[in-house]
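S.K.: Sequence below, structure please.
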Amino acid sequence: MKPAMVWEAGGRQVDARLLALLRALQRNPTLKAAAHELDISYRAAWGLLLDGASLAGAPLVEMQRGRGARLTRLGSRLLRADEQLRKAVEPLRARFELKPAPSGGAALRLTASHDPLLAQFCERFAVPAGLVADVTFRGSEDCLALFSRGATELAGFHLEGFDIRRFVQSGRDALIRFAERDQGLIVAHGNPKRLASMADVARSHARFVNRQRGSGTRRLIDRLLSDAGVAPEQIRGYATEEYTHRAVAATVAAGGADVGFGVHAAAAELGLDFVPVLQERYWLAARLRTLETPTMQRLLEALAGKPLSRIGRKFAGYDLRGAGDVVNVEEAVA
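M.R.: Here you go, the predicted model:
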């Protein structure tokens with residue numbers, strides 16, 4: 001048993017699938033694709049949107065002929081509010097959840113910075129195999145903070161931009177290699193504005209779509225701007241935020257921005273061009289005692305073996321050498 005958060009409007013409880021559909025629309029350019037991801041019919045998805053618009057008093061999604069579907073400002077605000085509330089109640093949920101911490105063969109809870117390959121690995125293998133139970137995507141720092149408090153057994157993150165030693169401890173925790181991945185500029189096919197760096201984005205006044213505050217990629221973007229001597233206010237669209245790499249790419253694909261910043265795989269999926277800027281390591285953090293459980297041992301085997309490699313072949317910009325290797329905290333930080 002565990003506490004849950006629900007939305008109400010006009011005395012009615014909002015169908016939880018509506019929020020899930022709005023999140024799926026951030027990752028997919030069309031309502032059909034979002035419905036397919038959630039395994040619901042197009043008609044059911046359309047019904048959820050109509051019902052949501054009725055309860056909210058205004059449309060949550062704008063359907064654009066030939067350009068798919070985009071969240072309206074109200075829809076984006078609803079998702080941001082939902083995300084902020086979930087962050088606020090997560091410590092209480094973890095505190096009052098009536099179940100023991102996983103041990104032995106129990107599935108593990110995973111809280112991770114968004115990564116397209118990790119999302120597919122969990123959806124297609126780790127969750128069906130009973131290795132991972134709950135998967136929640138949020139900023140790297142939030143994930144590590146929850147991990148440090150024992151609210152999740154696994155935390156997925158990338159190192160750029162902050163010191164992880166506030167959250168992980170040598171002798172108590174270990175880090176697991178997941179992948180090296182390419183991050184860079186996501187631009188329209190042909191890179192019409194000839195962008196090669198964040199400095200170019202500022203100079204050209206290109207419309208930019210950012211990642212949300214608290215995410216590891218947002219910290220990386222801010223570091224790159226600082227290194228280039230560019231102030232955030234020089235970036236047109238710096239305040240425009242999306243919560244996943246897929247949503248950033250979808251915004252560029254739909255013409256809502258000229259450029260975004262994210263992983264190569266998100267650009268390739270939507271037929272966009274990609275300008276590599278750097279390669280970074282994506283990690284999973286776990287307690288040393290968790291590593292000894294049968295579930296964790298099976299997960300490490302899957303990361304190092306065919307389950308991850310088969311899925312990874314379809315994703316551009318990933319290097320899976322060393323996946324599943326366990327590394328000491330101090331060694332990883334160094």
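S.K.: Every contact and neighbour count from this point should use C-alpha atoms.
M.R.: Noted.
S.K.: if I read this right, residue 235 contacts residue 201, doesn't it?
M.R.: Yes: Residue 235 is within contact range of residue 201, at 6.9 Å (criterion: Cα atoms under 8 Å).
S.K.: any residues in contact with both of these two?
M.R.: 207, 208 (Cα atoms under 8 Å, 6 or more residues apart in numbering).
S.K.: Excluding sequence neighbours, find me the nearest residue to the spatially most central residue of the chain.
M.R.: Central residue of the chain (Cα atoms, centre = their mean): residue 114, 2.0 Å from the mean position. Once flanking residues are discounted, residue 114 sits nearest to residue 137: 5.3 Å by Cα to Cα, 6 or more residues apart in numbering.
S.K.: and the one you found, what does it touch?
M.R.: 111, 112, 113, 114.
S.K.: among those residues, who's most crowded?
M.R.: residue 113 (29 neighbours; other Cα atoms under 10 Å).
S.K.: Would you mind giving me the confidence score for it?
M.R.: The model reports residue 113 with a pLDDT of 90.
S.K.: I'd say it and residue 156 touch.
M.R.: Yes: contact criterion Cα under 8 Å: residue 113 and residue 156 qualify, at 5.6 Å.
S.K.: Residues that sit against both of the two, list them.
M.R.: Common neighbours of residue 113 and residue 156 (criterion: Cα under 8 Å, 6+ apart): 140, 143.
S.K.: tell me the domain ranges of this structure?
M.R.: Domain ranges of the chain: 8-80, 106-179+282-333, 182-279, per automatic domain parsing.
S.K.: Residue 131 against residue 301, yeah?
M.R.: No: the pair residue 131 and residue 301 fails to qualify as a contact (Cα under 8 Å) at a distance of 11.2 Å.
S.K.: of these two, who's got more company?
M.R.: Per other Cα under 10 Å, whichever of residue 131 and residue 301 has more neighbours is residue 131, with 22 against 15.
S.K.: Could you check how far that one is from residue 327?
M.R.: For residue 131, the distance to residue 327 equals 21 Å [Cα to Cα, to the nearest Å].
S.K.: swap in residue 22?
M.R.: Residue 22 sits 37 Å away from residue 327, going by Cα to Cα.
S.K.: re the thing from before, out of the domains of the chain, which comes closest to residue 88?
M.R.: domain 106-179+282-333 (10.9 Å; Cα to Cα).
S.K.: Start and end of that closest one, how far apart?
M.R.: 30 Å.
S.K.: One more: stretch 310-328?
M.R.: Taking Cα to Cα, the first and last residues of stretch 310-328 lie 27 Å apart.
S.K.: Centre of the chain to that stretch, how far?
M.R.: 17 Å (Cα atoms, centre = their mean, to the nearest Å).
S.K.: Shouldn't residue 283 be within a helix?
M.R.: No: counting by DSSP: H, G, I helix; E, B strand; the rest coil, residue 283 falls outside a helix, being strand.
S.K.: check contacts around it.
M.R.: Residue 283 sits next to 156, 157, 158, 175, 176, 177, 178, 179 when contact means Cα under 8 Å, 6+ apart.
S.K.: beta partners of it?
M.R.: Residue 283 forms beta bridges with residue 157, residue 177, as assigned by DSSP bridges.
S.K.: where's it relative to residue 242, distance?
M.R.: Distance, residue 283 to residue 242, using Cα to Cα: 22 Å.
S.K.: One more: residue 180?
M.R.: Counting by Cα to Cα - residue 180 and residue 242 are separated by 23 Å.
S.K.: Those two: which has the busier surroundings?
M.R.: Just comparing residue 180 and residue 242: by other Cα under 10 Å the higher neighbour count belongs to residue 242, 22 against 19.
S.K.: The more buried one contacts residue 211, doesn't it?
M.R.: Yes: using Cα under 8 Å, residue 242 is in contact with residue 211, at 5.0 Å.
S.K.: can you give me phi and psi for residue 191?
M.R.: Main-chain dihedrals, residue 191, degrees, to the nearest 10: phi 50, psi 60.
S.K.: still on that earlier bit, between residue 22 and residue 327, tell me which one has more neighbours.
M.R.: Each of residue 22 and residue 327 has its neighbours counted (other Cα under 10 Å); residue 22 has more, 24 against 16.
S.K.: Would you mind putting the CA coordinates of the strand or helix carrying the more buried one into CSV?
M.R.: Secondary structure assignment for residue 22, by DSSP states H and E: helix 16-27. What follows is helix 16-27 as a C-alpha-only set of coordinates in CSV (Å, rounded to 0.1, in the frame of the first residue of the first chain):
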residue,chain,number,x,y,z
ALA,A,16,-4.8,9.6,-14.2
ARG,A,17,-4.3,8.6,-17.8
LEU,A,18,-4.8,12.2,-18.9
LEU,A,19,-1.5,13.3,-17.2
ALA,A,20,0.2,10.2,-18.7
LEU,A,21,-1.1,11.1,-22.1
LEU,A,22,0.2,14.7,-21.8
ARG,A,23,3.6,13.4,-20.8
ALA,A,24,3.6,11.0,-23.8
LEU,A,25,2.7,14.0,-26.1
GLN,A,26,5.9,15.6,-24.9
ARG,A,27,7.8,12.6,-26.1
